[in-house]
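[1] Need the 3D shape of this:
(4 chains)
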Number of protein chains: 2
Amino acid sequence: MTSVYSGSGDPKRSIELLWGIQERPRRGPKPRLTVDGIAAQAIAIADAEGLSALSMRRVAAELGVTAMSLYSYVPGKAELVDVMADRVFGELAAAGDEPEGWRAGLELVARRSWDLYLRHPWLLQVATSRPLLGPNVIAKYDQELCAVAGTGLTVIEMDLTVTLVANYVHGAVRGAIEAAQAEQRTGMSDDVWWEQYAPLLEKVFDAERYPTAAAVGPVAGEELGAGDPARAFEFGLERLLDGIEVLIRGRAGEAADRDRV
Amino acid sequence: MTSVYSGSGDPKRSIELLWGIQERPRRGPKPRLTVDGIAAQAIAIADAEGLSALSMRRVAAELGVTAMSLYSYVPGKAELVDVMADRVFGELAAAGDEPEGWRAGLELVARRSWDLYLRHPWLLQVATSRPLLGPNVIAKYDQELCAVAGTGLTVIEMDLTVTLVANYVHGAVRGAIEAAQAEQRTGMSDDVWWEQYAPLLEKVFDAERYPTAAAVGPVAGEELGAGDPARAFEFGLERLLDGIEVLIRGRAGEAADRDRV
DNA sequence: CGCGATCTCCATACAACGTAGAGAGTTAGA
DNA sequence: TCTAACTCTCTACGTTGTATGGAGATCGCG
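    Have a look, this model is predicted:
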């Protein structure tokens, strides 16, 4: 989770970075690089090998400069990650037209977010709470809110609903990515891993003490096995939207009641 | 997220560690430490200062030994974190008696998990997908499944439902913890931070382009401001349980239909 | 009893990390 | 042309996890 923190630096500098307002330096040698170029290279590394492989030295090396050169473009690693995150959120905006109706809208929001995380798993480890108010993050927020506009929900409820979907997707995609990475990291498929693990576990696991786990675990493992976090995502999304529908129907009912009076 | 990986090591060794089956060494000097003691110290550090402050040297120093001593108890840092996680999950088992009914049960599961993460925020960064099948993790899984047993859901659905709740809580608590840590890290309350940020943002933010965000953002900020991720959690939990209720009601209906036929 | 296998613990070492500091070299405004 | 401002590099410091090898303690076995 969240192993890279953002917004530690000067807010003014961060805003300039994220929004690309770098007043052209008047003197000195022409910059060989750009913030966008650096961010793009960093994103490529993080996508391919994860955040742990992302180092200033590595990014610099691939750009043909030394690590310290980067510090004339970016105050530090944390701010670079902020830029990376905002750039990557930009992919969401490009994604086609909005469907009709809040349910299809929210579903699309969730799916787009899911896909985005799968493309950029390192995003899960970036703290997005406080700052990071880059142009693309704001666009994303707006896009999400639009999906639940006109449903009769209060403004606060709209925000809460959008947050709920975001939180759920985050949690679900984390499971999916962990599973995928576990396989990649250990070089062992889930099946193979279980084959090794199961006999060892049997020796210590007390089936009588945990009858429910003993009954469900193997079946769930068998059926869902080998990376069906995608199915878990679908299942959860359906339930989530059902729950939101209950709320929205209730609001509509209230409105109807008021009209009747 | 997830910045510490687990299960890279030998499964047999991991199982022994997690379940405490260390066959007493017959020869050599008496160990000065125990795995549990090491884990406890490590947990204390991580609780107080976060996973990033947790280093082998640090743990060792507080136990009065050198870093390398720890390696005779634990194969590496990853495995130590595994043990830490399992130990900490043990707190869930101790938590009182189970309520009647699936809804109250699931709600309690969610709340207990929420509380646990708040007590041990570093848990968010530990990959829990593959191994980690320590005694307490299994107990937790059993406890959660029990909450949805006897609802008419299939075994698979029980697993999916429990996963759904876990995923949601994970996502929600992440938001809460990030907000809290942002405040602590920057030494700035959300309000103060916004005061600094807002005027800068106004210069670059185009309210006409994003009318919904412009309308909702300030209100949500005002009302929810200063760390009400707790409220977001409550709101989301309610929706989630409503959604699950739709499913369970549906299953009950199907059963009734079958009985009628 | 005493030898040797086996263990714990320590000191040292290595590569990699983010980045501070100082200096070399380039450019444009005065 | 002079100089302020800028980019880029080199070196260095304090971290990190952990590989390696050795010193000393302890027990099983002869």
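[2] Domains in chain A, by residue range?
    For chain A, automatic domain parsing gives the domain ranges A:11-179+A:230-260, A:190-225.
[3] any idea which of those is most buried?
    domain A:11-179+A:230-260 (a mean of 18; mean count of other Cβ atoms under 10 Å in any protein chain shown). Any C-beta I mention is one placed from the backbone N, CA and C, and that applies to glycine too.
[4] where are the low-confidence patches of the stretch 151-261 of chain A?
    In the predicted model, the stretch 151-261 of chain A carries pLDDT under 70 at residues A:186, A:221-227, A:255, A:258-261.
[5] And the helices in it, which stretches?
    Counting by DSSP state H, counting those that start in this stretch, the stretch 151-261 of chain A forms helices over residues A:155-186, A:190-204, A:211-224, A:229-260, given from the N-terminal end onward.
[6] The shortest one versus helix B:155-186: what angle between them?
    The directions of helix A:211-224 and helix B:155-186 differ by 90 degrees, with axes from the mean of the first three to the mean of the last three Cα atoms, to 10 degrees as the criterion.
[7] how distant is helix A:211-224 from the center of its chain?
    Averaged C-alpha coordinates place helix A:211-224 at 29 Å from its chain's average position (Cα atoms, centre = their mean, to the nearest Å).
[8] near chain B at all, that helix?
    Yes - part of helix A:211-224 sits near chain B under the criterion Cβ under 8 Å from any Cβ of the partner chain, namely A:211-213, A:215-217, A:219-220, A:223-224.
[9] quick one: contacts of that helix?
    By Cβ atoms under 8 Å, 6 or more residues apart in numbering or on different chains, the list of residues contacting helix A:211-224 from outside reads A:194, A:205, A:207, A:231-232, B:138, B:141-142, B:145-146, B:149, B:155-156, B:158-160.
[10] Close to DNA strand D: what parts of the stretch 1-150 of chain A are there?
    Proximity of the stretch 1-150 of chain A to DNA strand D (Cβ under 7 Å from any atom of the strand) is limited to residues A:25-33, A:60, A:65-69, A:71-73.
[11] Let me see the ranges of the helices in the stretch 1-150 of chain A.
    Taking DSSP H, counting those that start in this stretch as the criterion, the stretch 1-150 of chain A carries its helices at A:11-19, A:35-49, A:56-63, A:77-93, A:102-119, A:135-148.
[12] And those helices: which comes nearest residue B:98?
    When these are compared for distance to residue B:98 using Cβ to Cβ, the nearest one is helix A:102-119, at 31.6 Å.
[13] and that closest one with helix A:35-49, angle?
    With the same axes, to 10 degrees as the basis, helix A:102-119 and helix A:35-49 are set at 80 degrees to each other.
[14] Quick one: check helix A:102-119 for contact with chain B.
    No - counting by Cβ under 8 Å from any Cβ, chain B is not contacted by helix A:102-119; separation bottoms out at 11.1 Å.
[15] and that helix, what does it pack onto?
    helix A:77-93, helix A:135-148, helix A:155-186, helix A:229-260 (3 or more Cβ pairs under 8 Å, 6 or more residues apart in numbering or on different chains; DSSP states H and E).
[16] Adding distance to chain B, write those helices out as TSV.
    As requested, these are exported to TSV (distance: least, Cβ to the nearest Cβ, whole Å):
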stretch	distance to chain B
helix A:77-93	10
helix A:135-148	4
helix A:155-186	3
helix A:229-260	3
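[17] Could you pull up the contacting residues of the closest residue to residue A:213 other than its chain neighbours?
    Nearest in space to residue A:213, with sequence neighbours left out and distances taken as Cβ to Cβ, 6 or more residues apart in numbering or on different chains, is residue B:142 at 3.7 Å. Neighbouring residues of residue B:142 by Cβ under 8 Å, 6+ apart: A:210-213.
[18] Out of the helices and strands packed on helix A:102-119, which is closest to residue B:44?
    helix A:155-186 (26.0 Å).
[19] Identify the residue nearest residue A:13 in space, chain neighbours excluded?
    Among residues not flanking residue A:13 along the chain, residue A:75 sits closest, at 5.9 Å (Cβ to Cβ, 6+ apart).
[20] Kindly provide the distance from the one you found to DNA strand C.
    For residue A:75, the distance to DNA strand C equals 8 Å [Cβ to the nearest atom of the strand, to the nearest Å].
[21] Surely residue A:121 and residue A:177 touch.
    Yes - judged on Cβ atoms under 8 Å, residue A:121 makes contact with residue A:177 at a distance of 4.7 Å.
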